[in-house]
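*Asks:* just to be clear, the model below is a prediction. Sequence and coordinates:
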Amino acid sequence: MFWDKPVETMEEEALRELQLRLLNETLAKAAGAPFYRDLPVREVKSLEDFRAVPFTKKQDLRENFPYGFLRTDLSEAVRLHSSSGTTGNPTVVFHTMDDLEKWTDQVARCLYMVGVRKEDVFQNTMGYGLFTGGLGFQYGAEKLGALTIPIGPGNSRRQIWFMQTFGTTVVHILPSYALRLYSVFEEMGLDPKKDTKLRIFIIGSEPHSEELRRQIEELYGVKAYNSYGLSEMCGPGVGFECPYQDGIHIWEDRYIVEVIDPETGETVPDGEEGELVLTTLQKEAMPLLRYRTGDLTSVIPGRCRCGRVHKRVARIKGRADDMLIINGVNLFPIQIEKTIMKIPGVGKNYLIEIKTENFMDKLYVKVEVDREIFAGTLSGLTELQNRITEELKGEILVTPTVQLVEPGSLPVWEGKAKRVQDMRNK
Amino acid sequence: MTYHLSIFMENRPGKLERITKILADHAVNIRAISLASAGEFGVAKFLVDNGETAYNALKEQNITVSKRRILIILLSDEPGAMHGLLQVLAENEINLEDCYGFVIDRGNQAALVIEAEKYPQAEGVLREKGYKLLSDEELRSL
Ligand SMILES: [Zn+2]
């Protein structure tokens, strides 16, 4: 059950002591990076003192591109990963050999926690290359001893062929792609429950709702676990759900977890929503102090039933910049997803469109109908349409125009789903 | 059982044409069609000579289609025929969920397609009153 028993079963006090020691080591190391050279705090007596250290923002990474955060000699760095920037410089993250080994170990720890073993066949449908989802899991699954297939994204029929031919048991997949892949199974006349050996799905890289996870579990007859990571920390392996599927454990021997009010920067109490802030504790090439992830979540109070003390955060609600403001009302796309996905008759894809009409914001939700549940009557369809409208109204306090569309007619994505199209006049 | 094919469709140009192309490609003959719309989307019902072939072909093309049970009642193509039939149905409290007609032989014979709530009962009442119902085989050989 434990990949690294001493660390995973550490008691609260020992874990905090370990964090304090590692934090002071990190503060000393970070001074080697140009960006942290003039840091006001060099040593802390307690984790609370640490709050005197200013936040590091994504913008800082961009502005200090490319080497402003590198603290080792370039010759020590063995890998870089980079996230594509839509504006300005990309963010670049460097790794020493030790960083890669620790990252690999973290991913193996996550996989082992949910029951992946050396006998498993692991198919990784995430992108390889600069994106961390591919290589991160490749090394982690290999370290654990699983036969690991670096198939990468796309080509659904080939994915299915590999699953069937090599008896794939574990898949790492984008949640939106998992649903799309299922329709390809259907088109091929296959039922993944009967025609594959799939048992575990690792889903991540996109915010998704509990309802979507349950749908994936039902369609494939698997357990699906939520994986959390970001390339600035390393990539996947930062946090993971345990078998209880009740929040994401962040590995606290590797990171300090804080949740802050994004407006004031003040720490919010456990259970309250805010922005996740992480500090690396064992990074060599590029330590990051109080890094604002942009991800909105909350710390789940209390100890997990699995026994691990490592803090749990709630499923990521989205990024602070995912928030939509429609005629002055704030809402997150994931609220729409979780509402529609539990309504019978709703299919596997949806799209949110926002337009300006008569100087007002207008919210459109396009929903694919479920081909299997269609009973053939117009009244059944209008009932479905009304139900979606009413339930959305209750959840988001905005009245949407719900449009039912044919299955397979909405756009699909090679990578992460882009389910919001904001066409408002700016 | 006699049925027609009920298809979910977005109300956009080319959508209906996509269906008729699939049917034509599979040599399926359309006997009658009815459309009902609720703005952005609607339901098209196709009565065809070979329901099974059509259904499978549409399914294969990922069309959202389902089979709906119907009764096809033969009427003489003359004033009052339709009224007589509706009277019988009303007297027996049989609700129509959908209904459309087509002419088989101008001035001589027409057919009315109905989706009713209570099938065996509707069928029994109509036969008792002397109405002739079109069977699958007859539909195929029209
Ligand atoms: Zn747990």
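*Replies:* Everything's here; your move. Just so it is clear, the structure is predicted and the values come from calculations on it, not from any experiment.
*Asks:* in chain B, which helix or strand is least confident?
*Replies:* One helix or strand of chain B scores below all others by mean pLDDT, DSSP states H and E: helix B:136-140, with a mean of 84.
*Asks:* close to chain B: what parts of the stretch 251-400 of chain A are there?
*Replies:* A:V369, A:R371, A:F374, A:A375, A:G376, A:T377, A:L378, A:L381, A:T382, A:Q385 (C-beta under 8 Å from any C-beta of the partner chain). Where you see a C-beta, it was placed from the backbone N, CA and C, and this is true even at glycine.
*Asks:* just those residues: which are in helices?
*Replies:* Judged by DSSP state H, helices contain the following of these: A:L378, A:L381, A:T382, A:Q385.
*Asks:* domains of the chain?
*Replies:* Just going to use chain A. Domain assignment for chain A by automatic domain parsing gives A:1-320, A:323-422.
*Asks:* should've been chain B
*Replies:* According to automatic domain parsing, the domains of chain B span B:3-69, B:71-141.
*Asks:* wait, does the last one contact chain A?
*Replies:* It refers to domain B:71-141. Yes. Residues of domain B:71-141 contacting chain A under C-beta under 8 Å from any C-beta: B:E97, B:D98.
*Asks:* what's the end-to-end length of that domain?
*Replies:* By C-alpha to C-alpha, to the nearest Å, the extent of domain B:71-141 from end to end equals 17 Å.
*Asks:* centre of the chain to it, how far?
*Replies:* How far domain B:71-141 lies from its chain's middle: 11 Å, per C-alpha atoms, centre = their mean, to the nearest Å.
*Asks:* got the residues of the stretch 301-426 of chain A near the ion?
*Replies:* Residues of the stretch 301-426 of chain A lying near the ion by C-beta under 5 Å from the ion: A:C304, A:C306, A:R308.
*Asks:* repeat that for chain A.
*Replies:* So far as C-beta under 5 Å from the ion goes, chain A lies against the ion at A:C242, A:C304, A:C306, A:R308.
*Asks:* out of these, which is nearest to A:I340?
*Replies:* A:C242 (28.4 Å; C-beta to C-beta).
*Asks:* wait, doesn't that closest one sit right on A:I300?
*Replies:* No. Here A:C242 lies out of contact with A:I300, judged by C-beta atoms under 8 Å, at a distance of 11.8 Å.
*Asks:* between those two, who's got more neighbours?
*Replies:* Legend: neighbour count by other C-beta atoms under 10 Å in any protein chain shown for A:C242 and A:I300, higher for A:C242 (22 against 18).
*Asks:* quick one: that one from A:P175, how far?
*Replies:* 19 Å (C-beta to C-beta, to the nearest Å).
*Asks:* pLDDT on the host helix or strand of A:L23, on average?
*Replies:* A:L23 belongs to helix A:12-30 when assigned by DSSP states H and E. Helix A:12-30 comes out with an average pLDDT of 97.
*Asks:* now the helix or strand just after it - C-alpha only, PDB.
*Replies:* Once the chain leaves helix A:12-30, the next helix or strand it forms, by DSSP H and E, is helix A:58-63. Taking Å, rounded to 0.1, in the frame of the first residue of the first chain, the C-alpha atoms of helix A:58-63 are listed here in PDB:
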ATOM      1  CA  LYS A  58       4.000  33.100 -13.200                       C
ATOM      2  CA  GLN A  59       4.700  36.500 -14.400                       C
ATOM      3  CA  ASP A  60       8.100  36.500 -12.500                       C
ATOM      4  CA  LEU A  61       9.000  33.300 -14.400                       C
ATOM      5  CA  ARG A  62       8.300  35.000 -17.700                       C
ATOM      6  CA  GLU A  63      10.100  38.200 -16.900                       C
END
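*Asks:* list the buried residues for helix A:58-63?
*Replies:* Within helix A:58-63, the residues scored as buried using 16 or more other C-beta atoms under 10 Å in any protein chain shown are A:K58, A:D60, A:L61, A:R62.
*Asks:* also stretch A:100-112?
*Replies:* So for stretch A:100-112, counting by 16+ other C-beta under 10 Å, buried means A:L100, A:K102, A:W103, A:T104, A:D105, A:Q106, A:V107, A:A108, A:R109, A:C110, A:L111, A:Y112.
*Asks:* need the residues that contact it.
*Replies:* A:2-4, A:8, A:78-79, A:95, A:122, A:136-137, A:139-141, A:143-144, A:146, A:170, A:202, A:227, A:234-238, A:240, A:251, A:254, A:282 (C-beta atoms under 8 Å, 6 or more residues apart in numbering or on different chains).
*Asks:* filter these down to the buried ones.
*Replies:* The buried subset of those - by 16+ other C-beta under 10 Å - is A:3-4, A:8, A:95, A:122, A:136-137, A:139-141, A:143-144, A:146, A:170, A:202, A:227, A:234-238, A:240, A:251, A:254, A:282.
*Asks:* just the helices in chain A please.
*Replies:* Going by DSSP H, chain A shows helices at A:5-8, A:12-30, A:58-63, A:97-113, A:132-144, A:156-166, A:175-187, A:192-195, A:210-220, A:333-340, A:378-396.
*Asks:* what is the third one packed up against?
*Replies:* On a contact count with 3 or more C-beta pairs under 8 Å, 6 or more residues apart in numbering or on different chains; DSSP states H and E, helix A:58-63 meets strand A:91-96.
*Asks:* now the strand it packs on and helix A:132-144, what's the angle there?
*Replies:* Between strand A:91-96 and helix A:132-144, the angle formed by their directions is 20 degrees, by axes from the mean of the first three to the mean of the last three C-alpha atoms, to 10 degrees.
*Asks:* show me what strand A:91-96 is packed up against.
*Replies:* Using 3+ C-beta pairs under 8 Å, 6+ apart: strand A:91-96 touches helix A:58-63, strand A:77-83.
*Asks:* among those, which is nearest A:A14?
*Replies:* Comparing those by C-beta to C-beta, strand A:77-83 comes nearest, at 31.8 Å.
*Asks:* ok, now which ones touch the residue lying closest to A:L147 once chain neighbours are set aside?
*Replies:* Once flanking residues are discounted, A:L147 sits nearest to A:V121: 4.7 Å by C-beta to C-beta, 6 or more residues apart in numbering or on different chains. Shown in contact with A:V121 (C-beta under 8 Å, 6+ apart): A:A146, A:L147, A:I149, A:F166, A:G167, A:T168, A:T169, A:V170, A:K197.
*Asks:* if we use 7 Å, what do you get?
*Replies:* Taking C-beta atoms under 7 Å, 6 or more residues apart in numbering or on different chains, we find A:V121 in contact with A:A146, A:L147, A:F166, A:G167, A:T168, A:T169.
*Asks:* closest one to A:T401 out of these, please.
*Replies:* Distances from A:T401 to the contacts of A:V121, taken by C-beta to C-beta, are shortest for A:T168, at 41.0 Å.
*Asks:* can you give me the neighbour number for the closest one?
*Replies:* Neighbour tally, A:T168, other C-beta under 10 Å: 22.
*Asks:* in the chain, where's the longest strand?
*Replies:* Using chain A. strand A:346-357 (DSSP state E).
*Asks:* actually it's chain B I care about, not the one you picked
*Replies:* Chain B, longest strand under DSSP E: strand B:96-105.
*Asks:* and the residue of the stretch 1-150 of chain A nearest chain B?
*Replies:* The minimum distance from the stretch 1-150 of chain A to chain B, using C-beta to the nearest C-beta, falls at A:T125 (22.4 Å).
*Asks:* please apply the same query to the stretch 201-350 of chain A.
*Replies:* Taking C-beta to the nearest C-beta, the stretch 201-350 of chain A has A:G347 as its residue nearest chain B, at 8.9 Å.
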